[in-house]
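structure for this input, please:
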Amino acid sequence: MTQKEHYTFGDTELAARRLQLLARVFEPSSARLLGCLTHADGAVAIDLGCGPGHTTRLLAQHTRAAKVIGLDQSPKLVEAASRRYADARLSFAECDVTSPPFPAPPAAILCARFLLTHLRDPERAVRAWAGAALDGARLVLEETAFMIAQEATFFRYYALVERMQAHYGQRTYVGRELSALAQRAAPEWVVEASQIVPSLLLATEMARLHSLNLQTWSQDPFALANYDARELVDLGARFDRIASGTLDTPPISLGMGQVVLRRS
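This is a model prediction of the structure:
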């Protein structure tokens, strides 16, 4: 793409810690989804937007691909992934994951988790990924469809994130659009499976995650120009209280949009 995508959450050491916690919280959902790909054997699987490599590891664990390649635009995160997962089956490379060709052979499996939410034109990316796929390949997409909280701290935080992402042309809840988005990307892809999986997540876990999120995006230019710094500090303090258990809070209701597409 001619214009580099804006990744709100950064690639600092703090951002890498956030991604590690994100991977742990959502691993059960992703593992169940990838575990359904028993029919999608192949020589190569590609993790699009691999970050520090946690989803790449999941791909290796739950598919029978001979080679699993993680791709990301951040050299820092690619280097961190290469250090963390030194395995003959896994490799990592830096590239623009929205624009094939990639530094990888055509894949039988492609996976993108929490990536489309950061793109201005996710439909274009999904269509473009067909160029990196073998005939009959599967593309697995997983994105947030909804987050509902009873506690005002979470409610306010989600509103701030959604507004900031909208400024950059991104959609926080793109998970609820996956099936329609994929159908618009036809004829390259055919929808093979589509669902929104609801779950209840502990407020303590989500507060830890959002506290790290807040520390990263609070320094974003849009946040600095449009949000009250004192409010962000107060939100962070309340998240810390929830995470420690000193502020009892009901669980978060979250829906994950999950779609499996087949290269037609």
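
how about residue 135, what does it touch?
With contact taken as C-beta atoms under 8 Å, 6 or more residues apart in numbering, residue 135 is in contact with residue 263. Quick note: C-beta positions are derived from backbone N, CA and C, even for glycine.

residues in contact with stretch 193-202?
Contacts to stretch 193-202, defined as C-beta under 8 Å, 6+ apart, come from residues 25, 29, 36, 145-146, 175-176, 178-179, 182, 251-260.

next, the buried residues of that stretch.
Residues 194, 196, 201 are the ones in stretch 193-202 that count as buried (16 or more other C-beta atoms under 10 Å).

phi, psi for the last one please.
Dihedral angles of residue 201 (phi, psi; degrees, to the nearest 10) stand at phi -110, psi 140.

quick check, pLDDT for the residue lying closest to it once chain neighbours are set aside.
Excluding its sequence neighbours, the residue lying closest to residue 201 (C-beta to C-beta, 6 or more residues apart in numbering) is residue 252, at 4.8 Å. Residue 252 is assigned a predicted lDDT (pLDDT) of 97.

before we move on, the earlier item: which ones among the contacts of stretch 193-202 map onto helices?
25, 29, 178, 179, 182 (DSSP state H).

pretty sure the second one contacts residue 255?
No: using C-beta atoms under 8 Å, residue 29 is not in contact with residue 255; the gap is 10.3 Å.

tell me the one among the buried residues of stretch 193-202 nearest to residue 154.
The closest of those to residue 154 turns out to be residue 201 (C-beta to C-beta; 10.6 Å).

now the closest one: how far from residue 145?
Separation of residue 201 from residue 145 (C-beta to C-beta, to the nearest Å): 14 Å.

list the contacts of stretch 215-232.
For stretch 215-232, the external contacting residues (C-beta under 8 Å, 6+ apart) are 8-10, 12, 14-15, 18, 160-161, 163-164, 167-168, 214, 236.

list only those of these flagged as buried.
Those of these that meet the buried threshold are 8, 9, 10, 15, 18, 160, 161, 164, 167, 214, 236, by 16+ other C-beta under 10 Å.
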